[in-house]
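Q: The sequence isn't on hand, but the structure is:
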């Protein structure tokens with residue numbers, strides 16, 4: 001993409017230009033300057049100006065005063081929520097990946113003019129404010145500009161209203177108009193249910209909210225929230241991947257309250273020059289992760305079976321994940337600067353030490369929702385908590401578009417919980433589950449709603465969730481062995497090659513499964529293996545009982561759903 005940027009009234013002696021290192025909604029560093037090249041600068045008379053490169057993400061232009069025009073090319077070939085994609089069919093633009101900005105000019109307004117390829121019938125979809133022509137758009141400041149992605153191409157646009165709010169879907173896809181029309185109806189159902197959680201929709205600055213979607217064979221699976229819009233990308237069609245696409249809608253749209261306006265102080269304002277670390281992603285992302293499937297259920301788009309499957313996955317990730325022994329929910333949130341799209345070259349031990357803040361926070365939200373309902377007979381719920389966070393921190397808005405004037409801290413989040421419950425409960429909950437590493441009693445909490453949480457394979461022998469791969473007739477341990485597992489206790493490690501168990505040859509992972517199925521918890525089995533030095537060793541593994549769980553309705557166990565359980569479940573999962 002060819003970019004020309006004009007900066008009027010540049011103060012002497014230099015114009016300090018930057019490409020962003022990070023992007024709103026992403027927490028790791030992405031160094032977008034790596035795809036910028038052919039940079040030139042000119043004064044108002046067209047004379048070339050000297051350029052210097054003081055650091056990998058910046059350019060310095062000699063500017064004796066007046067106007068400076070900078071011209072550059074930027075490469076992009078990734079259709080997702082973070083990067084840039086330019087080809088003959090469309091331009092998919094995340095602003096930090098495309099736009100240079102000037103230090104000390106971040107409060108200046110910007111006007112963007114989009115130029116399509118010759119002969120192309122392209123249209124613009126964005127949350128930027130409309131300008132003088134259909135190709136001109138405006139932003140009041142850098143924060144708003146960088147949080148306003150653009151889809152530029154042959155778009156199919158649909159609209160619907162809920163109350164006084166207008167919602168638009170601008171979709172680049174391979175399906176039919178009828179498929180899109182049906183899809184939009186389901187999107188509206190989700191939007192309506194999420195509006196009911198907060199009791200109202202935000203005041204979107206451009207007077208509407210825009211879903212920007214690329215459902216194309218070469219797209220990546222992703223979703224990225226923005227202040228007044230969201231980007232959704234997927235390699236499948238609407239027809240083939242409808243449920244997954246709607247699940248992304250449910251998650252990302254909830255963000256227009258939670259994180260975009262109910263915003264952690266650690267992310268406000270967003271710093272484009274560095275990784276943005278936050279201790280509150282368990283709430284900003286994790287609570288949103290909880291609400292996505294819940295909204296799908298309330299909207300009638302997910303059955304009870306898929307909803308309980310999602311809850312189980314969330315619970316297991318925290319209860320059984322070894323990472324909880326090493327990091328709290330706040331610690332997990334801070335790991336986002338490494339895990340959120342970061343690509344380490346060296347090996348890490350994250351499978352043993354990290355539980356993603358998405359399921360970790362979702363598990364906390366589930367526990368808090370059920371706890372509030374249990375102690376109040378469903379008169380106070382997590383919906384009330386989110387409304388209180390909205391009332392105090394999100395609804396007041398900001399003096400400038402793109403900013404939040406009342407971002408929250410963890411202490412604020414605890415105070416809002418105390419306001420809808422009581423200070424003792426709020427303090428204990430935060431001490432145990434946010435600052436601490438305790439796990440909630442989900443068995444008891446879920447029983448009130450008529451769900452049974454139990455061992456999936458009681459009595460089955462288990463040596464740990466050990467990642468295996470076949471290698472030349474051997475079986476190699478391909479991932480870090482989980483602490484607390486029998487395999488870990490026996491001293492087995494990544495890269496060990498398992499040769500025999502109890503004298504029986506092991507040629508593939510299925511051989512191991514068959515051998516362990518012949519044993520019971522408590523059995524001691526002898527494992528022969530080669531270590532990294534190709535030295536044959538042996539270890540004794542004391543098998544444990546498989547800890548994995550299942551979550552089923554009380555009806556599925558042959559029991560009867562009590563009237564109180566039915567009422568509790570309906571108040572929790574029923575449409576609002």
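A: Received the coordinates, thanks. Bear in mind that the values here come from a model prediction, so they are computed numbers and not experimental data. Residues are numbered from 1 along each chain as shown.
Q: Residues contacting the helix or strand harbouring residue 444, please?
A: Residue 444 is located in helix 442-447, with elements delineated by DSSP states H and E. Contact with helix 442-447 is made by 315, 319, 366-367, 370-371, 374, 452-454, 551, as judged by Cβ atoms under 8 Å, 6 or more residues apart in numbering. Heads up, the C-betas are built off the backbone N, CA and C, glycines and all.
Q: what does stretch 182-198 give?
A: Outside stretch 182-198, the residues that touch it by Cβ under 8 Å, 6+ apart are 158, 160, 162-163, 167, 169, 201, 211, 238, 242, 245-246, 249-250, 253-254, 257, 291, 295-296, 298-301, 383, 386-387, 390, 575-576.
Q: please redo it, this time with the cut-off set to 7 Å
A: Identification of contacts with stretch 182-198 by Cβ atoms under 7 Å, 6 or more residues apart in numbering yields 158, 160, 162, 167, 169, 201, 211, 238, 242, 246, 249-250, 253-254, 257, 295-296, 298-301, 383, 386-387, 390, 575-576.
Q: now stretch 71-83
A: Among residues not part of stretch 71-83, those counted as contacts by Cβ under 7 Å, 6+ apart are 1-4, 23, 25-26, 30, 35-40, 84-86, 92, 94, 97-98, 100, 214, 216, 218-220, 222-224, 231, 233, 341.
Q: Now go through those and say which are in strands.
A: Under the assignment DSSP state E, the contacts of stretch 71-83 contribute 2-4, 36-40, 84-86, 92, 214, 222-224, 231, 233 to strands.
Q: show me where pLDDT drops low in the stretch 351-500 of the chain?
A: Scanning the stretch 351-500 of the chain for pLDDT under 70 picks out no residues.
Q: which residues of it fall in helices?
A: With DSSP state H, counting those that start in this stretch applied, the stretch 351-500 of the chain shows helices at 357-376, 382-389, 410-420, 423-429, 442-447, 486-489, listed in chain order.
Q: per the record, what domains does this structure have?
A: Using automatic domain parsing, the domain parsing of the chain gives 1-105, 116-256, 281-440, 461-545.
Q: Export those to a markdown table and append columns for distance to residue 274 and mean neighbour count.
A: Listed next are these as a markdown table, based on distance: least, Cβ to Cβ, whole Å; neighbours: other Cβ atoms under 10 Å:
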| stretch | distance to residue 274 | mean neighbour count |
| --- | --- | --- |
| domain 1-105 | 6 | 18 |
| domain 116-256 | 14 | 19 |
| domain 281-440 | 9 | 19 |
| domain 461-545 | 29 | 16 |
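Q: out of these, nearest to residue 266?
A: Residue 266 lies closest, by Cβ to Cβ, to one member of those: domain 281-440, at 8.0 Å.
Q: What's the end-to-end length of that closest one?
A: Its first and final residues considered, domain 281-440 spans 19 Å by Cα to Cα, to the nearest Å.
Q: chain center to it, what's the gap?
A: If you compare the mean C-alpha spot of domain 281-440 with that of the full chain, they lie 12 Å apart, counting by Cα atoms, centre = their mean, to the nearest Å.
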